[in-house]
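In: Output the structure for:
(2 chains)
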Amino acid sequence: MRIVIAEDDPLLREGLALLLRAESLDVVATTDSPGAFLAAVDAHAPDVAIVDVRMPPTHTDEGIVAAVEARRRQPGLAVLVLSAYVEQTFATELLAGGAARLGYLLKERVGRVDEFLTALRRVVDGGTAVDPEVVGQLLSRSRPDSTLSRLSPRERDVLALMAEGLGNIAIAERLFVTEGAVHKHIRSIFAKLALAPDDRADRRVTAVLRYLEETSQK
Amino acid sequence: MTIDDSAGAGRSYPVRRYLRDRARISVDALEHLVGGLGTALLALAALIYLVVVALTCVAGVGVLLVPSALRVVRAAADRERARLSRWGPEIIGPAPVPDELRLAVRDAGVRRELGWLAVHATGGFALGLLGIGLPLYAVQFLTFPLWFWLLPPQAGGPGFVYWRIDGLADALAVGLMGVGWLAVVIGLGPGMARLQAWPGRRLLAPSAGTDLSLRVAQLTATRAAALDAHAVELRRIERSLHDGTQNRLVAVNVLLGAARRALTRDPVAAADVLARAQDATEQALAELRTVVRGILPPVLADRGLAGALNGLAGSCGVPCRVDVDVPVRCAASVEATAYFVVAEALSNVAKHSGAARATVTVRREGGRLLLRVDDDGHGGAEESDGSGLTGIRRRVEAYDGRFSLTSPPGGPTTMQVELPCGS
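Out: Numbering: from 1, shown residues only, chains lettered A, B, ... in the order given. From the prediction side, this is the model:
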């Protein structure tokens, strides 16, 4: 797995590289600015990019802008965005073009190396990884008149875990229910969100996106 | 005998204090009369301009000049308002002069200003001249016995003394009249100063109806400035916490995660990673300390304003003398503001002024804390965007304080700040 890192804090950049290399992953470039990051993506054609949201010069959303641009230049590039805090508009901006091969995690998740590596692999394999915190905030902020309000608390839990990128078995384990029960909840969610049963995998992503869209409208 | 002495001292002390107070009051009165003379001269100039404009109005062309004349009157009145506000209760200026001529002439504030102009340009002017003349007379008369021999006897003495002065006895008699003049100065001076200020206090203050809305507008503006200053302050704290402490802790977390994974595989590498994690922790602590110090300097609580400012002066790149004479402590927020103002000012001095030395003076007068920072650098300091001076002004205005800066090219630079003590 070839990795490019974009992180302006030197200590964290080196820490990340050290951690990934210790796992025998191939960190091909570490960069500290959006410009250097895009150049590295062009030069190395990596499998995945790990990008910090706040980067110079203004330390606002340069990382997101650079990640979107990198995916435009190299379609199919997996991107895992790291953020110091939950910023819902960034998450929606990033996921607007489709949630496949995308991850949005809080920086502290990196310390749980197992989970971090799992999320990284999931993103590279074409999946999604959205931080539980992000999902939780989106849930709590959803407007009362939105379609999301029609979901039962249990269905919300399931949708939240779906948004994190978990599969049905993993969701069942987390919620201590059977896989069949999870199936039932998901069918109910799809029905309430009016998602037609044409492509199951795509519907999962669409449900999550519906979420993000609805909560970011106001 | 000792007892008698102390009793004597006890009796003489109030007398000395009384004399000192009288002297101070008289000097203050003189200062006010001279200041009033200054604004009276402005008023006189404005009055003359107004009369000229009025005369040309008759010819028809002057109508175009009326707005400018009203603006000149307003400028003179604002000077008087500022002068009276420094001395007594604050006088708030009225709303701007209406653009339309018909409205401007009907405007109550404008009319009151015109009334003030007429009185102050004449009566205020005369009182000001008298205020300067009387003390000069007193000095002339009092010192006459020292220099009467320079004049021929038939030349008489100062002022109205036209009679012959023969010898020291006559001169001393004139000197005695000087004491009388002095008594007049001391006795009438303060009254004259008040009389001179009276038209301004009556006519330049907004009329009862407008007063409240203006004050509300002003308070709203300062409150907005306070919120703004707070927002800027919060932004600064957030940024330093995020870029510093939080990033360090994230790095520590990542390194600890890596160390845990490495422990079983390669303990030596794990030790190396742990050492890095510890470095990051130390950095985080150092940065956290800086941030905390920026929020409310602990040194203020420990050593008071004087001690805290001495500490600032000690770490300033330019030799700096601190002179703090504040017997009572002010509210914590005021002291914190004073501390930041001085810190910001001294860092400006060190960075930009090229000064060889700086002086910080802090006094408390009535309910106000007065700060003054002087340096002998090359001056030319300006309140451009992003300079520390803008930050100082905002912080000060947020506390309903006043900020002024004098920095001519070539220097020296003086910054003065007044803060209400809030206690």
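In: partners of the residue most central in space within chain A in the sheet?
Out: Centroid-nearest residue in chain A, with Cα atoms, centre = their mean: A:G103, separated by 2.4 Å. Counting by DSSP bridges, A:G103 is bridged to A:L80, A:A129.
In: just checking, it touches A:L120?
Out: Yes: counting by Cβ atoms under 8 Å, A:G103 does reach A:L120; the two are 7.4 Å apart. Where you see a C-beta, it was placed from the backbone N, CA and C, and this is true even at glycine.
In: Just the C-alphas of stretch B:108-120, formatted as CSV.
Out: Output in CSV follows, covering the C-alpha atoms of stretch B:108-120 (Å, rounded to 0.1, in the frame of the first residue of the first chain):
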residue,chain,number,x,y,z
ALA,B,108,-31.9,72.4,18.1
GLY,B,109,-28.3,71.2,18.6
VAL,B,110,-27.0,73.6,15.9
ARG,B,111,-28.9,76.5,17.4
ARG,B,112,-27.6,75.8,20.9
GLU,B,113,-24.1,75.7,19.4
LEU,B,114,-24.5,79.0,17.8
GLY,B,115,-25.6,80.5,21.1
TRP,B,116,-22.6,79.0,22.8
LEU,B,117,-20.4,80.4,20.0
ALA,B,118,-21.6,84.0,20.6
VAL,B,119,-21.2,83.8,24.4
HIS,B,120,-17.9,81.9,24.4
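In: out of everything not next to it in sequence, what's closest to B:L389?
Out: Leaving out its chain neighbours, the residue that sits closest to B:L389 by Cβ to Cβ, 6 or more residues apart in numbering or on different chains is B:E383, at 4.5 Å.
In: what residues are up against that neighbour?
Out: B:389-390, B:393, B:405 (Cβ atoms under 8 Å, 6 or more residues apart in numbering or on different chains).
In: which parts of chain B sit against chain A?
Out: B:239, B:242-243, B:246-248, B:250-251, B:253-258, B:260-262, B:265, B:269, B:273, B:276, B:280, B:283 (Cβ under 8 Å from any Cβ of the partner chain).
In: go again using 6 Å as the cut-off
Out: B:242, B:246-247, B:250-251, B:253-255, B:257-258, B:261-262, B:280 (Cβ under 6 Å from any Cβ of the partner chain).
In: and the residues you listed, which are buried?
Out: B:246-247, B:250-251, B:253-255, B:257-258, B:261-262, B:280 (16 or more other Cβ atoms under 10 Å in any protein chain shown).
In: if I look at B:A82, how far off is B:G109?
Out: B:A82 sits 16 Å away from B:G109, going by Cβ to Cβ, to the nearest Å.
In: swap that for B:L168, please
Out: Taken as Cβ to Cβ, the span from B:L168 to B:G109 is 60 Å.
In: And the two? Which one has more around it.
Out: B:G109 (22 against 12; other Cβ atoms under 10 Å in any protein chain shown).
In: Report the contact partners of the more buried one.
Out: B:P94 (Cβ atoms under 6 Å, 6 or more residues apart in numbering or on different chains).
In: do the same with A:G165
Out: A:G165 touches A:122, A:127-129, counting by Cβ under 6 Å, 6+ apart.
In: Same check on A:L16?
Out: A:I5.
In: what kind of secondary structure is B:R363 in?
Out: strand (DSSP: H, G, I helix; E, B strand; the rest coil).
In: Tell me how many other residues crowd it.
Out: 13.
In: so it bridges to which residues?
Out: Beta-bridge partners of B:R363, as defined by DSSP bridges: B:D325, B:L370.
In: From what I see, it and B:L370 are in contact.
Out: Yes: the pair B:R363 and B:L370 qualifies as a contact (Cβ atoms under 6 Å) at a distance of 4.6 Å.
In: Give me the neighbour count for B:G377.
Out: Residues near B:G377, counting by other Cβ under 10 Å: 23.
In: Am I right that it is in a strand?
Out: No: looking at B:G377 with three-state DSSP, it is coil, so not inside a strand.
In: Give the closest residue to it in space, chain neighbours not counted.
Out: Nearest to B:G377 is B:S353, by Cβ to Cβ, 6+ apart, at 2.8 Å.
In: Within its local environment, how many residues does the one you found see?
Out: Neighbours around B:S353, by other Cβ under 10 Å: 23.
In: pLDDT score for it?
Out: For B:S353, the pLDDT comes out at 84.
In: ditto for the one 4 residues further on
Out: In this model, B:R357 is scored at 90, pLDDT.
In: before we move on, what about A:A29?
Out: 95.
In: If you drop the residues flanking it in sequence, what lies closest to it?
Out: A:A29 sits nearest to A:A40 (Cβ to Cβ, 6+ apart), 3.9 Å away.
In: And A:S152, by the same measure?
Out: Closest to A:S152 by Cβ to Cβ, 6+ apart is A:S188, at 7.8 Å.
In: try B:A138
Out: Per Cβ to Cβ, 6+ apart, closest to B:A138 is B:W181, 3.8 Å.
In: Near chain B, which residues of chain A are found?
Out: A:9, A:11-12, A:15, A:18-19, A:22, A:84, A:107-108, A:110-111, A:113.
In: ok, A:V28 touching A:H44?
Out: Yes: contact criterion Cβ under 6 Å: A:V28 and A:H44 qualify, at 4.5 Å.
In: Show me chain A divided up by domain.
Out: A:2-130, A:135-216 (automatic domain parsing).
In: which of those has the lowest average pLDDT?
Out: domain A:135-216 (a mean of 75).
In: one step back: point out the most buried one among the domains of chain A.
Out: Greatest average neighbour count among these goes to domain A:2-130 (a mean of 20), per mean count of other Cβ atoms under 10 Å in any protein chain shown.
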